[in-house]
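S.K.: sequence and computational prediction follow.
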Amino acid sequence: MPDRNRKRPQNTALPFPTQDKRYLGKKVYYEMKTNQNLLSFLFPINMKGHVDVHYIRYLLDHEGRGSIYQYLLSRGYATKFGSYVILEDSLTVPLVVYCSLTEKGLSDPFFVVETLFRFLKAACSDGVDVELWRSINLLSELHFRFQDKKEPLKLVSSILDQMGTTNDTRLYLGAPSLLTLDLELENKILSFLNPDNFNIYIGSNSFSSSESTEHGPRLTKMEYFYSSPYLDTNITEVELEVLRKVEVDPDLHLPSPNTFVPTNFEMFEVEEDGGLYPVELVSRDEGEVSVWWLQDREWRQPRLYTSCMLYPARISRTPHTWALESMLSQIYKQVKDLLLYEAWEADFNAEYKIGGSWRIMVHGYSDTAKIESVLREMLGVFFSLDFNMEEELFNATVLQPVEEMFDERGKDSYRFAYKHIDSVVMRNFIDVADVKKVVGTITQQDIREYMINFISDLSLICSTFGNARKEDAIKYSSIIRDKLVEEGSTIKNEDRRGLLDEDTWKLPTGGSHVIRRRMENSEQVASTALVMFQIGREEGRVGDSPPYTLHAFSMLLELIMKQNCFNYLRNEKQLGYMAFCYAENYKGVVNFYFGVQGSRPGAGPDVMDREINYLVSQQYEMFQLLSITPAGLDRFEQAKQALSERVTMKQQTLEDQSSLHMSRIYYPSTDFKKMEKVADAISALTVDTFLELYEIFFVGNSKRKLSAQVYGKSHEITDVMEEGEILIPDVGEFRKKLTETF
């Protein structure tokens with residue numbers, strides 16, 4: 001029986017199997033609290049000490065050709081498969097293998113059980129594959145040698161991992177490490193994964209404690225820790241005999257040799273005409289495709305990031321388009337996980353980010369032959385997607401996961417508060433609930449047609465950053481361009497970056513506009529008050545102040561107020577377990593948010609909102625007092641200095657630097673010196689200007705304020721309105737009155 005003194009009970013502990021055979025060979029059904037169907041296997045590895053299980057976990061977690069994951073996914077039985085270990089005692093390492101079941105998998109879980117043992121027979125019957133072991137460790141060694149800079153503590157931890165001198169916990173968790181191969185030990189570990197040494201746990205919310213269902217028996221017992229209904233039965237001898245005698249399946253096998261492992265780590269000479277910022281090698285005046293390049297001068301690692309943004313002739317923002325984008329992404333993800341898994345394993349990441357515009361990106365080692373191979377393979381995979389899947393497989397692996405992506409039933413109240421604010425101020429707002437409704441109406445041919453239409457008329461901007469020569473950047477862009485043309489694209493020499501702009505409505509000035517809504521999930525306990533103050537365009541200024549003064553002001557305000565906000569709303573007033581304030585820069589528009597989420601009786605969203613208003617007023621008075629004292633002025637200058645150092649801090653990795661430059665190149669405002677200008681604006685910000693801006697945007701009659709109050713089960717909606725508050729009963733009607741955008 002479970003040990004009631006255990007501090008961290010596991011869902012798999014129903015009951016927990018020890019070395020005692022009486023607790024093995026169990027099939028445990030239990031009720032899940034979510035919509036997920038979960039099948040878990042637990043194998044106790046009864047060996048002294050915390051043994052290293054990373055070889056068997058590598059096999060179980062593998063998602064490429066021959067893997068259990070691809071076998072079950074392609075047959076519509078599961079959408080996830082993997083493993084982990086549980087920290088228990090020094091005599092037993094409980095290895096857990098888990099699987100997220102589809103409805104088909106829940107209806108026939110024994111097929112999944114058989115699949116696991118078919119794979120184990122094929123992969124482990126002859127013991128550890130020495131060449132595979134070496135391959136795993138080679139990949140681990142390369143990843144370690146060429147890792148990005150880290151915080152000192154993480155770097156030391158990484159070094160210890162690779163030396164094999166980590167503490168027991170790290171080895172026990174299966175962290176990859178360059179250990180000497182001990183065949184006897186490894187084969188002994190594998191021997192514990194057999195039909196006579198495991199338990200099965202099947203969890204679903206379709207199980208019931210009142211009656212049996214089509215998927216399982218009636219749950220007649222109650223688990224001690226979580227009060228979850230469950231029933232433990234024995235795996236029958238007939239079932240065990242079937243598992244002992246399973247035949248191998250040719251679709252289940254060890255991973256094949258990885259052809260994407262890099263071999264060329266040459267560091268190219270720094271070219272003289274390079275610089276600190278990206279250079280446009282080919283402009284629109286010189287060719288169809290704009291090509292940007294930046295050679296790494298700082299980290300000098302054999303790595304690069306190459307990408308290309310695809311802009312269509314027009315961008316449609318509707319629930320139907322969003323659903324199509326998400327479903328195409330899901331189809332590509334599944335095929336990529338299979339056909340490009342080895343590339344990912346070799347630290348080459350090949351991504352399509354599909355939205356209003358598409359971005360193709362490959363990043364990894366700068367081995368030119370391998371980068372070209374990954375890029376061509378990636379493009380080939382995308383343009384050979386299967387849009388004629390069997391309906392059952394399409395529903396299980398595409399339609400249902402996308403519907404779950406847009407399912408809001410489990411979301412907290414603060415997420416709905418953000419949604420309500422966006423529904424007012426975002427000109428092209430799309431309700432995810434509407435997207436979910438559309439998903440089920442879309443066919444595979446609809447997705448195919450969407451893809452064909454999107455690529456038919458394109459404008460391209462490509463970039464390469466890292467250890468790359470100019471000719472490499474041009475070559476990678478040509479590979480992408482040529483494949484698109486081959487697939488029917490017409491490439492236009494047009495700058496379409498403006499299509500990515502998203503207009504934000506300006507709220508009316510003066511009063512505080514309020515939305516009050518009940519949580520759609522009636523069982524959600526917590527409530528939220530989220531208050532937004534609109535400030536303006538990030539590059540905005542007042543008077544003769546420098547550009548980006550509004551951006552600098554909002555960041556400085558967050559730095560100064562953040563701790564006071566938490567202390568007052570969370571600690572002093574105890575309004576909720578989550579309290580925050582922060583500045584947001586979204587699509588070039590600066591807003592400032594205050595928020596509280598909680599369930600304390602008598603402290604509903606209306607009370608939270610009043611206390612936020614008091615905090616805003618009280619802070620203004622405090623700022624005024626500090627502005628006339630030497631100590632206050634000194635604190636203000638210290639805050640400015642700290643913020644300036646933060647915004648001018650160099651990127652810590654090539655990935656961070658590449659992401660920053662891509663955000664400049666692919667979007668309308670290509671300003672590589674933006675942060676230097678923000679730092680100048682911070683330096684020029686005076687106390688008087690700070691107070692002036694605070695009064696304009698937070699306490700004066702020109703403020704633009706919106707409060708979203710979302711009521712959970714703990715609180716009742718009030719009809720009481722404070723002075724200056726304006727209720728928005730109908731968002732649609734309110735939006736019709738908005739005429740200006742930022």
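M.R.: Okay, I see it.

S.K.: quick check: nearest residue in space to the spatially most central residue of the chain, chain neighbours excluded?
M.R.: The centre of the chain sits closest to residue 405, judged by C-alpha atoms, centre = their mean, with a distance of 11.9 Å. Once flanking residues are discounted, residue 405 sits nearest to residue 326: 6.3 Å by C-beta to C-beta, 6 or more residues apart in numbering. Any C-beta I mention is one placed from the backbone N, CA and C, and that applies to glycine too.

S.K.: so that neighbour sits against residue 402, correct?
M.R.: Yes. Using C-beta atoms under 8 Å, residue 326 makes contact with residue 402 at a distance of 5.0 Å.

S.K.: which residues do the two both contact?
M.R.: Counting by C-beta atoms under 8 Å, 6 or more residues apart in numbering, the shared contacts of residue 326 and residue 402 are residue 439.

S.K.: the helix or strand where residue 678 lies - contacts with which helices or strands?
M.R.: Element membership for residue 678 (DSSP states H and E) is helix 674-684. Applying 3 or more C-beta pairs under 8 Å, 6 or more residues apart in numbering; DSSP states H and E, we find helix 674-684 packed against helix 549-566, helix 630-647.

S.K.: list the helices and strands the following helix or strand past that helix packs on?
M.R.: Later in the chain than helix 674-684, the nearest helix or strand by DSSP H and E is helix 687-694. On a contact count with 3+ C-beta pairs under 8 Å, 6+ apart, helix 687-694 meets helix 549-566, helix 605-626, helix 630-647.

S.K.: how far does the last one sit from its chain's centre?
M.R.: With C-alpha atoms, centre = their mean, to the nearest Å as the basis, the distance from the averaged C-alpha position of helix 630-647 to the chain average is 34 Å.

S.K.: what does it contact?
M.R.: Residues outside helix 630-647 that contact it (C-beta under 8 Å, 6+ apart) are 552, 555-556, 559-560, 625-627, 675, 678-679, 682-683, 685, 687, 690.

S.K.: if we use 10 Å, what do you get?
M.R.: 548, 551-552, 555-560, 622-627, 629, 674-687, 690 (C-beta atoms under 10 Å, 6 or more residues apart in numbering).

S.K.: re earlier: give me whichever of the helices and strands packed on helix 674-684 is most buried.
M.R.: helix 549-566 (a mean of 21; mean count of other C-beta atoms under 10 Å).

S.K.: am I right that residue 572 is in contact with residue 618?
M.R.: No. Look at residue 572 against residue 618 with C-beta atoms under 10 Å: they stay out of range, at 11.3 Å.

S.K.: ok so, going back, relative to residue 74, how far out is the residue nearest to the centre of the chain?
M.R.: Distance, residue 405 to residue 74, by C-beta to C-beta, to the nearest Å: 21 Å.

S.K.: from one end of stretch 487-503 to the other, what's the distance?
M.R.: Terminal residues of stretch 487-503 are spaced 33 Å apart (C-alpha to C-alpha, to the nearest Å).

S.K.: what comes up buried for it?
M.R.: 489, 491, 496, 497, 499, 500, 502 (16 or more other C-beta atoms under 10 Å).

S.K.: likewise stretch 130-139?
M.R.: Result for stretch 130-139 [16+ other C-beta under 10 Å]: buried residues 132, 133, 135, 136, 137, 139.

S.K.: just the closest of those to residue 85, please.
M.R.: residue 136 (17.4 Å; C-beta to C-beta).

S.K.: so that closest one is in contact with residue 54, correct?
M.R.: Yes. Residue 136 is within contact range of residue 54, at 7.8 Å (criterion: C-beta under 10 Å).

S.K.: what about the helices in the stretch 151-300 of the chain?
M.R.: 152-163, 168-172, 183-191, 237-244 (DSSP state H, counting those that start in this stretch).

S.K.: which stretch in those helices has the least confidence?
M.R.: Confidence, taken as mean pLDDT, is least for helix 168-172 of the helices of the stretch 151-300 of the chain (a mean of 36).

S.K.: give the contact list for residue 269.
M.R.: Contacts of residue 269 (C-beta under 10 Å, 6+ apart): 295, 469.

S.K.: swap in 7 Å and give it another go.
M.R.: Listed by C-beta atoms under 7 Å, 6 or more residues apart in numbering, the contact set of residue 269 is empty.

S.K.: may I have the phi/psi pair for it?
M.R.: Main-chain torsions, residue 269, degrees, to the nearest 10: phi -60, psi 140.

S.K.: how near is it to residue 282?
M.R.: 22 Å.

S.K.: one more: residue 104?
M.R.: For residue 104, the distance to residue 282 - C-beta to C-beta - is 51 Å.

S.K.: same deal with residue 733?
M.R.: Taking C-beta to C-beta, one finds residue 733 at 50 Å from residue 282.

S.K.: looking at these two, which is more packed in?
M.R.: A direct count of neighbours by other C-beta atoms under 10 Å for residue 733 and residue 282 places residue 282 higher, at 19 against 9.

S.K.: that one contacts residue 288, doesn't it?
M.R.: No. The criterion here is C-beta atoms under 7 Å, and residue 282 misses it with residue 288 at 8.9 Å.

S.K.: which non-adjacent residue is nearest residue 680?
M.R.: Residue 680 sits nearest to residue 546 (C-beta to C-beta, 6+ apart), 5.5 Å away.

S.K.: can you pull the pLDDT of the one you found?
M.R.: Note for residue 546: predicted pLDDT of 94.

S.K.: wait, it touches residue 682, no?
M.R.: No. Contact criterion C-beta under 7 Å: residue 546 and residue 682 do not qualify, at 9.6 Å.

S.K.: give me the more crowded residue out of those two.
M.R.: Each of residue 546 and residue 682 has its neighbours counted (other C-beta under 10 Å); residue 682 has more, 26 against 16.

S.K.: OK, contacts around the more buried one?
M.R.: Here residue 682 is in contact with 552, 556, 640, 643, 644 (C-beta under 7 Å, 6+ apart).

S.K.: hmm, try it at 6 Å
M.R.: With contact taken as C-beta atoms under 6 Å, 6 or more residues apart in numbering, residue 682 is in contact with 552, 640, 643, 644.

S.K.: how close does it get to residue 581?
M.R.: Look at residue 682 and residue 581: by C-beta to C-beta, they are 19 Å apart.

S.K.: and what of residue 633?
M.R.: Here residue 633 is placed at a distance of 23 Å from residue 581 (C-beta to C-beta).

S.K.: ok, now residue 543?
M.R.: Where residue 581 is concerned, residue 543 sits at a distance of 26 Å (C-beta to C-beta).

S.K.: in the strand or helix carrying residue 350, what's buried?
M.R.: With elements taken from DSSP H and E, the one containing residue 350 is strand 349-354. By neighbour count on 16+ other C-beta under 10 Å, the buried set for strand 349-354 is 350, 351, 352, 354.
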